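# Could you look at this predicted model? Sequence included:
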Amino acid sequence: MVCMTLLIKGGTVVSSTGASLAEVLVDGETIVAVLSPGCDAAIAAEGGATRVIDATDRYVIPGGVDVHTHMSFPFGGTFASDTFETGTRAAAWGGTTTIVDFATQAYGKNVRECFDARLAEAQGECAIDYGLHMIIGDVQDDALKEMDRLVDEGVSSFKLFMAYPGVFLSDDGQILRAMQQAAGNGGLLMMHAENGLAIDVLAAQAVERGDSGPVHHGYVRRAEFESEATHRAIQLAKVGAAPLYIVHLSASEALEQVAIARNKGMNVFAETCPQYLYFNLEDQLDQPGFEGAKYVCSTPLRTKHEHHQADLWTGLRTNDLSVVSTDHCPFCMKEQKEMGLDDFRAIPNGFGGVEHRIDMIYQGVTQGEISLARWVELCATTPARMMGLYPRKGVLQPGSDADIVLYNPNHPWTISVDNHHMNIDYSAYEGVTVPGKVETVLSRGRVIVEGGQYLGRKGDGQFIRRGLSSYLI
Ligand code: URP
Ligand code: ZN
Ligand code: ZN
C-alpha cells in the first residue's frame, strides 16, 4: 500500500500540454500520482491521505524553475543585495521552487576554487532547491579541463560574456575554445551577447559630452551591438559544433538572428525576462533625476518606438524564445545604484524580479499573448529540460519532486516595495497590478508558503546535480 501523505484536490492541473481537473497525490517528497477527479474515494479506502489541500478554483502547476539568478553577485565593486537566503525565500513567495544561479571564475582565478567557494556560500542557506552554472571569466587550459569535471559533477552549463571588457569579456578565440570543449563534454554554452568593446566606446563618448544619466546606459548599449554579438556567437557555435543558449535577449534584431539559426536546424536557444516584455527605455530608464537607475540592466530595456516587445512575445509563441528567466541581480538604490549618480557606467547592472516572474508571465496569458500551457512551459518545464533538471523538476508526474504551486487566477493585487520579500529598497514593479497570485507553495512535499505565511526554512533547499540538457540528447 502506498503511504499517502498529501492530496491536492479540486484544482485544475496545468501542464505544458494543457489543463484538466485532476488530483495530485504526494508521498513524502515525491509525486506518486496525478489522478482523475473523484479518486479520493479510492485513496480513502487505502487509508487516506494525512493531509488534503483544497485547490478548488485554483491552478495547480509545477513549481517555477528560474535558471538565471545572481544572489550576492559581485559587480562593479559591490554585491547583489539578495543573498541565497533572502533571494530563495523571495523566489518561494513568487512560486519558484528551483533556481540555477552562477559560480564565477574571475579573471586570473582558478575555476575549481571559485566553484567550491560558491557552493559553500549556498549550502545551508537556500529555502528552495538550487543548481549552479559556472561563469568562465578566464578561458585558459586549466579552466577548459575543469569544465569537463564540472559537467560530471552536475554543473552542465557555462556562461561566457562578450560584454564587460576587462572584467568578464572573453575574446572570440576564447569563446571558440570554450565552445569546442562544451561540444566534447555535453555542456551548454550560455552567452551574454553584447559587443562590449563597441559599447565602451559609445559610453565614453556619451560621458565626455555630458550625457551621464541612467538613460544613456540604454542609448549606448545599442540593439545593433546585441544582434552583432548574437550573430557572432552563433557563427562561433557553428564552427565549434556546440549548442548555444543566449541569455537575457531583449532586441528584435537579436531574436532575428536566433530565428535564422533555429530555422537552419542549429541547437541555438534563447531566453528573455519579464522586464523586457513589460518595461521600456522611455518610460522606465528615462525618468527624471536618478530614478532610471532602478532599471539599469544589461542587455538594456529597449525603446518603445520599435517593435521589441511585440517581437519578444511572438518569439515566446514560436519557441524562438523558449525560456523566461529573471536575471535576478538586485542592487539597492542607496549606496549601490547611487555609485553611478554622476556617471551611468558606475551604476551596478542588474534587476530584481525573482519574486514576480510567475505573476508577470501569467499576465501574458490574461492579455492573450500566450496560452495557459505555454505559461507553465516557459516558466517551469522548458527551463527544467534546458538545464538538465527534467523530469525531477518542471512537471507534475509520478516520480517528480513534489514542487507544486497553487495559483489563484482571480486575485488581482498590486506589487510594491511594501509587500515584496526581496532584499531591495525599491520595487521595479511598484504599482503594477497583476491578475493572479501564488497562494500555496510546496517544495519537495513541504508546504513552504500558505495562507500568506512563509513556512520554509533556510537550508532546506538542496544542491541539485544536473544532467545534460534534454534538448541535446
Ligand atoms: O544587468 C545584468 N544583467 N546584471 C547581471 C549580470 C549579467 O550580465 O547577467
Ligand atoms: Zn549577462
Ligand atoms: Zn545575468
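Structure received. Numbering: from 1, shown residues only. Ligands and ions are numbered 1, 2, ... in the order given.
# Is residue 245 located within a strand, as I assumed?
Yes - under DSSP: H, G, I helix; E, B strand; the rest coil, residue 245 falls within a strand.
# Pull the number of nearby residues for it.
For residue 245, the neighbour count with other Cβ atoms under 10 Å is 27. Using the backbone N, CA and C atoms, a C-beta is placed for each residue, glycine as well.
# Which strand residues bridge it?
residue 190, residue 269 (DSSP bridges).
# and it, what does it touch?
Applying Cβ atoms under 8 Å, 6 or more residues apart in numbering to residue 245 gives the contacts 157, 188, 189, 190, 191, 268, 269, 270, 271, 386.
# closest to residue 419 among those?
Of all the contacts of residue 245, residue 419 sits closest to residue 271, with 26.9 Å by Cβ to Cβ.
# you'd agree that closest one is in a helix?
No - Residue 271 sits outside any helix when classified using three-state DSSP, being strand.
# Leaving out sequence neighbours, find the closest residue to it.
Nearest residue to residue 271, sequence neighbours excluded (Cβ to Cβ, 6 or more residues apart in numbering): residue 323, at 3.9 Å.
# what number of residues lie near the residue of the stretch 301-450 of the chain found nearest ligand 1?
Nearest residue of the stretch 301-450 of the chain to ligand 1 (Cβ to the nearest ligand atom) works out as residue 349 at 3.3 Å. By the criterion of other Cβ under 10 Å, residue 349 has 22 neighbours.
# List the residues that contact it.
If you count contacts by Cβ under 8 Å, 6+ apart, residue 349 has them with 75, 76, 217, 296, 297, 298, 329.
# at 6 Å what do you get?
Counting by Cβ atoms under 6 Å, 6 or more residues apart in numbering, residue 349 touches 296, 297, 298.
# Let me know the helix or strand that it is in.
Counting by DSSP states H and E, no helix or strand carries residue 349.
# So what does the closest residue to it other than its chain neighbours look like in phi/psi?
Once flanking residues are discounted, residue 349 sits nearest to residue 298: 4.6 Å by Cβ to Cβ, 6+ apart. When read as degrees, to the nearest 10, the backbone of residue 298 gives phi -130, psi 130.
# Equivalent analysis for residue 111, please.
The phi/psi pair for residue 111 (degrees, to the nearest 10) reads phi -60, psi -50.
# give me the number of residues near the residue of the stretch 51-200 of the chain found nearest ligand 1?
For the stretch 51-200 of the chain and ligand 1, the shortest gap (Cβ to the nearest ligand atom) falls at residue 192, measuring 4.9 Å. Residues near residue 192, counting by other Cβ under 10 Å, number 24.
# Return the residues in contact with it.
Applying Cβ under 6 Å, 6+ apart to residue 192 gives the contacts 161, 163, 247.
# among these, which are in reach of ligand 1?
When Cβ under 6 Å from any ligand atom is applied, no member of the contacts of residue 192 is adjacent to ligand 1.
# rewinding a little: please convert the contacts of residue 245 to CSV, extending it with pLDDT, neighbour count and distance to residue 462.
Output for the contacts of residue 245, formatted as CSV (pLDDT from 0 to 100; neighbours: other Cβ atoms under 10 Å; distance: Cβ to Cβ, whole Å):
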residue, pLDDT, neighbour count, distance to residue 462
157, 98, 26, 18
188, 98, 25, 22
189, 98, 25, 26
190, 98, 29, 23
191, 98, 29, 28
268, 98, 24, 31
269, 98, 25, 26
270, 98, 27, 29
271, 98, 24, 24
386, 98, 27, 20
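# which stretches of the stretch 251-400 of the chain form helices?
Here the stretch 251-400 of the chain has its helices, by DSSP state H, counting those that start in this stretch, at 252-263, 274-278, 308-318, 357-366, 372-376, 382-386.
# the inter-axis angle of the third one versus strand 268-272?
The directions of helix 308-318 and strand 268-272 differ by 130 degrees, with axes from the mean of the first three to the mean of the last three Cα atoms, to 10 degrees as the criterion.
# which residues touch helix 308-318?
Under Cβ under 6 Å, 6+ apart, the answer for helix 308-318 is 252, 255, 272, 276, 277, 302, 321, 369, 370.
# repeat that for 7 Å
250-252, 255, 272, 276-277, 302, 321, 364, 369-370, 378 (Cβ atoms under 7 Å, 6 or more residues apart in numbering).
# Would you show me how to pick out the buried ones of the residues you listed in ChimeraX?
Buried residues among the contacts of helix 308-318 (16 or more other Cβ atoms under 10 Å), as a ChimeraX selection:
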select :250,251,252,255,272,276,277,302,321,364,369,370,378
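# list the contacts for residue 172?
By Cβ under 7 Å, 6+ apart, the contact list for residue 172 reads 232, 236.
# Ignore what I typed, I meant residue 375.
Contacts for residue 375 (Cβ under 7 Å, 6+ apart) come out as 361, 362, 365.
# if I look at it, how far off is residue 28?
Per Cβ to Cβ, to the nearest Å, residue 375 is found 28 Å from residue 28.
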